[in-house]
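Asker: model this:
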Amino acid sequence: MTDTIDATKIAVVEPGRMEPAPGSALAAKLATQELAAELMARAEQDGVSLVGPGGLLSDLTRRVLEAALEAEMTEHVGYEPYDPAGHHSGNSRNGTRSKTVITDIGPVDIDVPRDRAGTFEPVMVPKRKRRLGGVDQMVLSLSAKGLTHGEISAHMEEIYGT
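Answerer: Predicted coordinates:
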């Protein structure tokens, strides 16, 4: 796939450096709002809730995390998925493993790619890490406000289902 650049949205500031043209931020904002409206309409049409297990935000978060992890794996092994360049390269992709991570919107099940040599160390979702985002900060904040361990656990169960 080839990416194309719209020359009307780029302004040359100095040689070798490009910057978005004035007004392109508004266009990007409008495109983002249109995308959000389309996602909400599709979710409503399919009967999918916005939050919660199987919700729109959970699915979107899962897809973004998995895409980022695949990009990290591509950089690690040095070739795209199904590329013949990876044949007999010394280290190759070796499927995925499932992992549940706790995010600000609740638990999200993701598939983390693996390599045969076991040397892949993901940055986006590090090994042995289950919480992403501000969950740790929230727990510390609740503790600092005087909530007991049991109250914090009950809150986590109620809000995130964990």
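
Asker: What is the burial count for residue 106?
Answerer: Residue 106 has 18 neighbouring residues, counting by other CB atoms under 10 Å. The way it works is simple: take the backbone N, C-alpha and C, and place the C-beta from them, glycine included.

Asker: isn't it right next to residue 58, touching?
Answerer: Yes - using CB atoms under 8 Å, residue 106 is in contact with residue 58, at 6.3 Å.

Asker: So for the two, which residues contact both of them?
Answerer: 51, 52 (CB atoms under 8 Å, 6 or more residues apart in numbering).

Asker: for residue 48, what are its contacts?
Answerer: Taking CB under 8 Å, 6+ apart, we find residue 48 in contact with 42, 54, 55, 56, 59.

Asker: Please repeat the previous calculation with a cut-off of 7 Å.
Answerer: Under the criterion of CB atoms under 7 Å, 6 or more residues apart in numbering, the neighbours of residue 48 are 55, 56.

Asker: For the protein, which residue occupies the most central location?
Answerer: Centroid-nearest residue in the chain: residue 65, 2.7 Å away (criterion: CA atoms, centre = their mean).

Asker: Could you check the pLDDT of that residue?
Answerer: Residue 65 is assigned 90 on the pLDDT scale.

Asker: Find the nearest non-adjacent residue to it, please.
Answerer: For residue 65, ignoring the flanking residues on the chain, the nearest one in space by CB to CB, 6 or more residues apart in numbering is residue 110 at 5.1 Å.

Asker: Indicate each strand paired with the strand or helix carrying the one you found and its parallel or antiparallel sense.
Answerer: Taking DSSP states H and E as the criterion, residue 110 maps to strand 106-115. Within its sheet, and counting by DSSP bridges, strand 106-115 is paired with strand 93-103 (antiparallel).

Asker: For the partner strand, give the mean pLDDT please.
Answerer: Rounded mean pLDDT across strand 93-103 is 92.

Asker: go on, stretch 119-127?
Answerer: 91.

Asker: again, but for stretch 38-55
Answerer: On average, stretch 38-55 scores 79.

Asker: when you give positions from now on, start the count at 210
Answerer: With the count now opening at 210, the last piece we talked about shows up as stretch 247-264.

Asker: Just checking the distance from it to the centre of its chain.
Answerer: Chain-centre distance of stretch 247-264: 18 Å, with CA atoms, centre = their mean, to the nearest Å.

Asker: For it, buried residues please.
Answerer: Buried residues in stretch 247-264, counting neighbours by 16 or more other CB atoms under 10 Å, are found at 248, 252, 257, 264.
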